[in-house]
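Asker: What would the 3D arrangement of this be:
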Amino acid sequence: MFEITINNKKRSFDHKVKVIDLIEKHDYSIIACSVNNRLRELSFEIAQESTVEFLGLANEECMKIYEASLRYLFAMACTRLYPELNIKFNYHISRSIFAQVINDDKKFTQEMLDKIEVEMRNIVSKDLPLVRTVVSKEEAAIEYNKYHLYDKIDILQYRPEKTVHLYECDNYLNYMYSYMVPSTGYLTNFRLRLYTPGIIMQYPRYEAGGNMIPFIDERTYGNTLKKANMWAKTCNAETIAAINSHIDSGVKTIEFVNMCESKHNDNLCELGELITKNIQNVRLIAIAGPSSSGKTTFSNRLRIELMTRGVHPVKISIDDYYKNREELVVDEHGEVDLEHINAIDTVLFNEHLVKLINGEEVELPVFNFKKGQREPVGKKVRVATDSPIIIEGIHALNEQLTPSIPRDNKFLIYIAPHIQTNLDNQNPLSTTQFRLLRRIVRDNKFRAFDAANTINIWDSVRRGEFRWIYGNQEGVDYVFNSELSYELCVLKKHALPLLKAIDSDSPEFIAANNLIKFLKYFKDIDDKLVPCNSLLREFIGDSCFQDV
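Answerer: As a prediction, the model looks like this:
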């Protein structure tokens with residue numbers, strides 16, 4: 001006999017039981033479960049004392065399961081209708097999946113979309129089971145070959161394990177590097193729309209409480225992703241196998257690293273030209289982006305780029321304009337939200353900006369974070385009439401921060417790593433996970449945080465990004481893609497030991513395991529090949545800007 005605790009209620013069993021059988025009334029809103037703090041599929045069998053928590057789409061890990069299952073469903077429908085097509089998935093605008101045909105002579109049409117949706121709905125209505133199987137890598141290669149999934153075969157050579165998980169559904173086999181829903185009947189909630197040259201597939205978002213968000217045609221973000229996709233093709237970095245093909249012990253690796261770094265150099269040059277062309281009007285350069293985008297290194301490199309053009313910008317820290325601790329308003333929980341725009345003394349900040357732009361001298365404040373007080377002991381600064389001011393931070397693009405400065409006098413820059421690399425064509429890598437890896441490595445290197453600590457606060461970081469950063473991306477003057485296609489080959493050896501150190505009983509184990517799943521496929525690149533001014537140095541250390 002053993003007991004299973006569900007919602008503080010204990011039930012006794014004398015035999016193995018599947019989690020899905022513990023749900024008294026079959027509930028399709030339950031996507032997965034936590035068994036003793038481990039994420040499990042609903043098909044998981046329990047044979048010992050356990051605590052079970054049912055999870056729905058308001059949970060981030062469940063949303064990932066649902067999204068991966070939808071990709072499986074879409075691929076299955078396409079295979080049935082158009083077996084000759086080779087489909088590629090990427091994450092795209094409006095927090096959706098973008099599916100495109102990568103056969104040279106084919107593109108999705110509205111007629112094809114309509115047929116695919118009918119077939120997907122048909123498969124869902126039959127509530128077909130998705131059954132997990134384990135096969136050898138050789139057996140997996142044979143199955144993938146049947147579906148012409150040669151990119152999936154390519155990645156198998158880098159898989160350290162001898163076996164592969166596959167999911168079978170009505171004689172269709174595939175693997176999306178994720179747990180799956182128990183059956184197709186769970187996948188009722190999705191929307192398809194033609195978005196030439198592909199199809200946009202929307203799905204429920206955990207940050208929207210498990211609901212779908214309205215579709216927004218984000219032009220700026222969409223163009224950024226197009227450019228990132230073109231770059232991945234240009235440098236042969238569309239999949240992990242393609243990236244690994246660059247990595248050896250000699251010249252090829254060095255060439256790949258320098259090619260990626262040259263992209264940043266070219267973008268900085270382009271950016272410098274845009275700013276100096278309009279230098280008579282540009283008085284404020286504002287830089288913002290989500291966590292671990294490389295803002296500090298970027299702003300230093302931009303400053304140097306402008307100096308080579310005879311422009312000498314002055315950098316001002318927004319952090320020094322925090323209000324004194326006693327002035328901050330607490331929320332309903334009695335806590336202070338330091339990410340809120342109201343935590344910054346915007347009145348003083350604008351007063352100083354206007355004076356500097358007008359050629360007056362200003363004594364900058366210094367915020368003492370230990371005391372929680374702003375101290376008027378900063379250096380005195382005067383800005384030349386042809387020198388712009390650089391500000392960088394979470395609210396830099398927020399109009400509420402700089403209402404006194406006309407839009408024509410601002411040059412707005414959004415920075416983020418927009419990765420367009422896939423594990424294989426049907427499994428895109430997440431930019432969010434990409435940034436989390438950067439932050440795990442940096443937090444450990446410079447703050448002595450373990451990976452569990454960084455993962456633990458990541459949800460809070462993400463909430464702040466959704467609230468204060470992403471909405472300001474559209475309409476900026478320049479988007480700087482801070483991704484370096486070789487960097488996961490460098491970050492891997494720093495991050496893997498930290499992730500593997502997280503105990504399986506830890507609440508952070510699930511997120512850590514998700515990162516390990518794709519990180520382990522990358523070949524290594526030695527740190528010594530990373531230039532000292534590289535944006536990547538901000539995370540692994542030894543940056544020439546470290547003490548600037």
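Asker: Is residue 17 bridged to anything, and to what?
Answerer: Beta-bridge partners for residue 17, by DSSP bridges, are residue 46.
Asker: okay, now it: neighbour count?
Answerer: Counted with other Cβ atoms under 10 Å, the neighbours of residue 17 add up to 17. Placement of C-beta: from N, CA and C, glycine included.
Asker: Quick check: it touching residue 2?
Answerer: No - counting by Cβ atoms under 8 Å, residue 17 sits too far from residue 2 to count as a contact (9.5 Å).
Asker: what pLDDT does the spatially most central residue of the chain get?
Answerer: The C-alpha lying nearest the average C-alpha coordinate of the chain belongs to residue 432 (Cα atoms, centre = their mean; 1.5 Å). Model confidence at residue 432, given as pLDDT, is 93.
Asker: Distance check, it against residue 291.
Answerer: As for residue 432, its distance to residue 291 is 10 Å (criterion: Cβ to Cβ, to the nearest Å).
Asker: With residue 316 instead?
Answerer: Counting by Cβ to Cβ, the gap from residue 316 to residue 291 is 21 Å.
Asker: ditto for residue 181
Answerer: Taken as Cβ to Cβ, the span from residue 181 to residue 291 is 30 Å.
Asker: just residue 223 next, same as before
Answerer: Noted for residue 223: a distance of 23 Å to residue 291, by Cβ to Cβ.
Asker: Give me the more crowded residue out of these two.
Answerer: residue 291 (21 against 12).
Asker: Need the phi and psi values for the more buried one.
Answerer: phi -60, psi 140 (degrees, to the nearest 10).
Asker: What pLDDT is listed against it?
Answerer: Value for residue 291, per-residue pLDDT: 94.
Asker: How many neighbouring residues does the nearest residue to residue 373 once chain neighbours are set aside have?
Answerer: Excluding the flanking residues, the one nearest residue 373 by Cβ to Cβ, 6 or more residues apart in numbering is residue 324, at 5.2 Å. Residue 324 has 14 neighbours, counted by other Cβ under 10 Å.
Asker: what's the answer for residue 369, then?
Answerer: 10.
Asker: any idea how far it lies from residue 375?
Answerer: 11 Å.
Asker: check contacts around residue 207.
Answerer: 462, 463, 466 (Cβ atoms under 8 Å, 6 or more residues apart in numbering).
Asker: domains for this structure, by residue range?
Answerer: Domain segmentation of the chain under automatic domain parsing yields 2-55, 61-216, 226-295+303-309+406-540, 314-386.
Asker: can you redo those as CSV with distance to residue 394?
Answerer: What follows is the domains of the chain, written out as CSV (distance: least, Cβ to Cβ, whole Å):
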stretch, distance to residue 394
domain 2-55, 30
domain 61-216, 17
domain 226-295+303-309+406-540, 5
domain 314-386, 6
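Asker: Least confident of the ones you listed, on average?
Answerer: Taking the mean pLDDT of these, domain 314-386 comes last: a mean of 87.
Asker: Need the distance between the two termini of that domain.
Answerer: 11 Å (Cα to Cα, to the nearest Å).
Asker: Please apply the same query to stretch 204-223.
Answerer: By Cα to Cα, one end of stretch 204-223 lies 24 Å from the other end.
Asker: Work out the gap between it and the centre of the chain.
Answerer: Stretch 204-223 has its C-alpha centroid displaced from the chain centroid by 14 Å (Cα atoms, centre = their mean, to the nearest Å).
Asker: Stretch 363-377 too?
Answerer: 34 Å.
Asker: Straight-line length of that stretch, end to end?
Answerer: For stretch 363-377, the end-to-end distance is 8 Å (Cα to Cα).
Asker: Name the residues of it that come out as buried.
Answerer: 364, 365, 367, 374 (16 or more other Cβ atoms under 10 Å).
Asker: could these go into JSON lines alongside distance to residue 234 and secondary structure?
Answerer: Below are the buried residues of stretch 363-377 laid out as JSON lines (distance: Cβ to Cβ, whole Å; DSSP: H, G, I helix; E, B strand; the rest coil):
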{"residue": "364", "distance to residue 234": "43", "secondary structure": "coil"}
{"residue": "365", "distance to residue 234": "46", "secondary structure": "coil"}
{"residue": "367", "distance to residue 234": "44", "secondary structure": "strand"}
{"residue": "374", "distance to residue 234": "48", "secondary structure": "strand"}
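Asker: Specify which member of the residues you listed is nearest to residue 101.
Answerer: Set against residue 101, the nearest of those by Cβ to Cβ is residue 367 (53.3 Å).
Asker: if I look at that closest one, how far off is residue 21?
Answerer: Applying Cβ to Cβ to residue 367 and residue 21 gives a distance of 57 Å.
Asker: Equivalent analysis for residue 325, please.
Answerer: Taking Cβ to Cβ, one finds residue 325 at 53 Å from residue 21.
Asker: Next: residue 433.
Answerer: 33 Å.
Asker: Ok, residue 437 next?
Answerer: Taken as Cβ to Cβ, the span from residue 437 to residue 21 is 37 Å.
Asker: Check which residues of stretch 301-319 are buried.
Answerer: Neighbour-count burial for stretch 301-319, counted by 16+ other Cβ under 10 Å, picks out 301, 302, 303, 305, 306, 311, 313, 314, 316, 318.
Asker: With stretch 148-163 instead?
Answerer: In stretch 148-163, the ones that count as buried by 16+ other Cβ under 10 Å are 149, 151, 152, 153, 154, 155, 156.
Asker: Include distance to residue 119 when you put these into CSV, please.
Answerer: Below are the buried residues of stretch 148-163 laid out as CSV (distance: Cβ to Cβ, whole Å):
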residue, distance to residue 119
149, 19
151, 23
152, 22
153, 26
154, 28
155, 27
156, 29
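Asker: Out of the residues you listed, list just those in helices.
Answerer: Within the buried residues of stretch 148-163, residues falling in helices by DSSP state H are 151, 152, 153, 154, 155, 156.
Asker: Tabulate the residues you listed (JSON lines), appending distance to residue 209.
Answerer: Shown next, in JSON lines, are these (distance: Cβ to Cβ, whole Å):
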{"residue": "151", "distance to residue 209": "35"}
{"residue": "152", "distance to residue 209": "34"}
{"residue": "153", "distance to residue 209": "40"}
{"residue": "154", "distance to residue 209": "39"}
{"residue": "155", "distance to residue 209": "35"}
{"residue": "156", "distance to residue 209": "38"}
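Asker: Among those, which one sits closest to residue 126?
Answerer: Closest approach to residue 126 among these (Cβ to Cβ): residue 152, at 25.7 Å.
Asker: For that closest one, list the residues it contacts.
Answerer: 140, 144, 175, 424, 425, 426.
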